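*Asks:* with the input below, show me the fold.
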Amino acid sequence: MEQIKALYAIEEDIRELKLSGEAKQLHRLTHSKPLVEKFFLWVDEQLQRQGFTPSNPFIQALNYVRVRRCALEVFLTDPDVPIDANHIERALRVIPMSRKSWLFCWTELGARHVGIIQSLIVTCRLHGIDPYTYLIDVLQRIAEHPASRVAELTPRLWTQYFADKVLRSDLHDFPT
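*Replies:* Model prediction:
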């Protein structure tokens with residue numbers, strides 16, 4: 001726990017120093033990478049010790065971490081990837097919290113579609129996009145957009161390709 005706490009302290013330093021891009025990556029490589037390597041060395045040492053059965057929860061947890069090492073180290077090589085996904089989990093919490101409301105979707109398929117829309121809305125918010133603007137634009141654009149480039153319509157890429165030339169509903173400028 002102390003090793004993980006030290007990694008989070010480094011992330012706090014990055015926030016306080018307001019580092020981004022290459023400076024953030026260099027700081028992580030200089031300070032976090034040695035701690036991560038030390039942690040995985042410790043994991044390997046624990047797995048080599050005798051006295052634990054493979055069904056022991058501690059050994060299962062260590063195997064879980066070791067198998068996912070590459071995914072857990074992504075934050076070291078990409079400055080845009082946070083050390084954890086807590087902010088995403090908090091944003092997506094709305095979906096399971098509104099589960100009772102989904103009882104009125106009438107079908108399992110309807111509930112699934114509500115989940116997809118909720119995910120899109122949360123993703124828009126995470127990227128600083130107004131969900132209403134995004135949905136109106138994509139719903140108007142989708143009929144003419146090539147299926148081979150559908151990824152461009154995801155909120156992450158939509159900002160890059162279409163945010164500066166948003167399609168609006170005919171009712172957008174309608175006087176109220």
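
*Asks:* any weak-confidence spans in the chain?
*Replies:* Residue ranges of the chain with pLDDT under 70: 51, 95, 97-105, 172-176.

*Asks:* tell me the domain ranges of it?
*Replies:* 2-84, 91-165 (automatic domain parsing).

*Asks:* in the protein, which spans are helices?
*Replies:* Assigned helices in the chain, in chain order: 2-17, 21-27, 33-48, 57-67, 69-72, 74-77, 86-92, 94-97, 108-126, 131-141, 155-161 (criterion: DSSP state H).

*Asks:* mind listing what's buried in the longest one?
*Replies:* Within helix 108-126, the residues that qualify as buried are 111, 114-115, 118, 120-124, counting by 16 or more other CB atoms under 10 Å. No exception for glycine: its C-beta is placed from N, CA and C like everyone else's.

*Asks:* farthest pair within the residues you listed?
*Replies:* 111 and 124 (20.5 Å; CB to CB).

*Asks:* one step back: just put the domains of the chain in JSON lines and tack on distance to residue 171.
*Replies:* Putting these into JSON lines (distance: least, CB to CB, whole Å) gives the following:
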{"stretch": "domain 2-84", "distance to residue 171": "37"}
{"stretch": "domain 91-165", "distance to residue 171": "10"}
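
*Asks:* thinking again about what came up before, okay if I get the helices of the chain as TSV plus distance to residue 169?
*Replies:* Below are the helices of the chain laid out as TSV (distance: least, CB to CB, whole Å):
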stretch	distance to residue 169
helix 2-17	39
helix 21-27	37
helix 33-48	49
helix 57-67	48
helix 69-72	41
helix 74-77	39
helix 86-92	26
helix 94-97	25
helix 108-126	17
helix 131-141	5
helix 155-161	17
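
*Asks:* out of those helices, which gets nearest to residue 167?
*Replies:* helix 131-141 (4.4 Å).

*Asks:* now that closest one, how far from the centre of its chain.
*Replies:* Put simply, helix 131-141 sits 22 Å off its chain's centre (CA atoms, centre = their mean, to the nearest Å).

*Asks:* again, but for stretch 55-75
*Replies:* How far stretch 55-75 lies from its chain's middle: 19 Å, per CA atoms, centre = their mean.

*Asks:* ditto for stretch 22-39
*Replies:* How far stretch 22-39 lies from its chain's middle: 20 Å, per CA atoms, centre = their mean.

*Asks:* same check, this time on stretch 69-80
*Replies:* On CA atoms, centre = their mean, the centre of stretch 69-80 falls 12 Å from that of its chain.
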